[in-house]
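Q: quick one, what's the 3D model for this:
(2 chains)
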Amino acid sequence: DSGVTQTPKHLITATGQRVTLRCSPRSGDLSVYWYQQSLDQGLQFLIQYYNGEERAKGNILERFSAQQFPDLHSELNLSSLELGDSALYFCASSVSGRGANVLTFGAGSRLTVL
Amino acid sequence: SQQGEEDPQALSIQEGENATMNCSYKTSINNLQWYRQNSGRGLVHLILIRSNEREKHSGRLRVTLDTSKKSSSLLITASRAADTASYFCATDAWGGSNYKLTFGKGTLLTVNP
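A: Prediction:
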């Protein structure tokens, strides 16, 4: 157990639907990162939050949004889902948002869009 | 686009042999990290090497960094079947106030018993 908790572990839904993925960072970590992993695109950085504020943005689609709450947990919202959104979504956390950050990853949420 | 690219994409060796994986990147970095991922699971951090370091060891792992060639290598000595996994290099970069850790597509290592 890495200390980073992601729910749900598996999710199957239909095109056009909306889902929310949840992440609780490791105790003491202030920064949360979201990554998408698919076979053809590899591990893509989506977005980072630090202590409730957005810190960096990557290849995140406009249909996707995220936030980090005061208790530091984070949610990734995926809407108007398409078949191509099927992937493993990872949350990771680190102590700080700057410097040499070592990321601790959760086990991932596997999203299947039918 | 991916900052780091691992080479080879796949590597199959026998138990006890050494495994070498390479990573090339495009822009200047602060640090380079290697992570390991067992099939379908989360990534696990292995080692971090800073841009002013040339070599680092951790147990059976040896990482080198050549900033002039923008490349790094990960050597796993005396491999075990349990080392079977995908290995990713990750580079960090600053763009203004933005910090991003970017992963390559990984090398799939298979260690045959």
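
Q: buried stuff in the lengthiest strand in chain B?
A: The single longest strand within chain B, with elements called by DSSP state E, is strand B:85-95. Neighbour counts over strand B:85-95 (16 or more other CB atoms under 10 Å in any protein chain shown) mark B:85-93 as buried. C-beta here means a position set from N, CA and C on the backbone, and glycine is covered the same way.

Q: and what of stretch A:11-18?
A: For stretch A:11-18, by 16+ other CB under 10 Å, it's A:11, A:13.

Q: and that stretch, C-alpha only, in PDB?
A: Taking Å, rounded to 0.1, in the frame of the first residue of the first chain, the C-alpha atoms of stretch A:11-18 are listed here in PDB:
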ATOM      1  CA  LEU A  11     -15.400   1.900 -13.700                       C
ATOM      2  CA  ILE A  12     -17.400   1.000 -16.800                       C
ATOM      3  CA  THR A  13     -19.600   3.600 -18.400                       C
ATOM      4  CA  ALA A  14     -21.100   4.600 -21.700                       C
ATOM      5  CA  THR A  15     -20.100   7.300 -24.100                       C
ATOM      6  CA  GLY A  16     -21.500  10.800 -23.300                       C
ATOM      7  CA  GLN A  17     -21.500  10.100 -19.600                       C
ATOM      8  CA  ARG A  18     -19.700  11.800 -16.800                       C
END
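
Q: and chain B, is that stretch touching that?
A: No - when contact is scored as CB under 8 Å from any CB of the partner chain, no part of stretch A:11-18 falls within range of chain B; the minimum is 14.6 Å.

Q: just checking the distance from that stretch to the centre of its chain.
A: The gap between the average C-alpha position of stretch A:11-18 and the chain average comes to 17 Å, counting by CA atoms, centre = their mean, to the nearest Å.

Q: now do the contacts for the closest residue to residue B:4 other than its chain neighbours.
A: Excluding the flanking residues, the one nearest residue B:4 by CB to CB, 6 or more residues apart in numbering or on different chains is residue B:104, at 3.6 Å. Residues in contact with residue B:104, defined by CB atoms under 8 Å, 6 or more residues apart in numbering or on different chains, are A:42, B:2-6, B:23, B:88-90.
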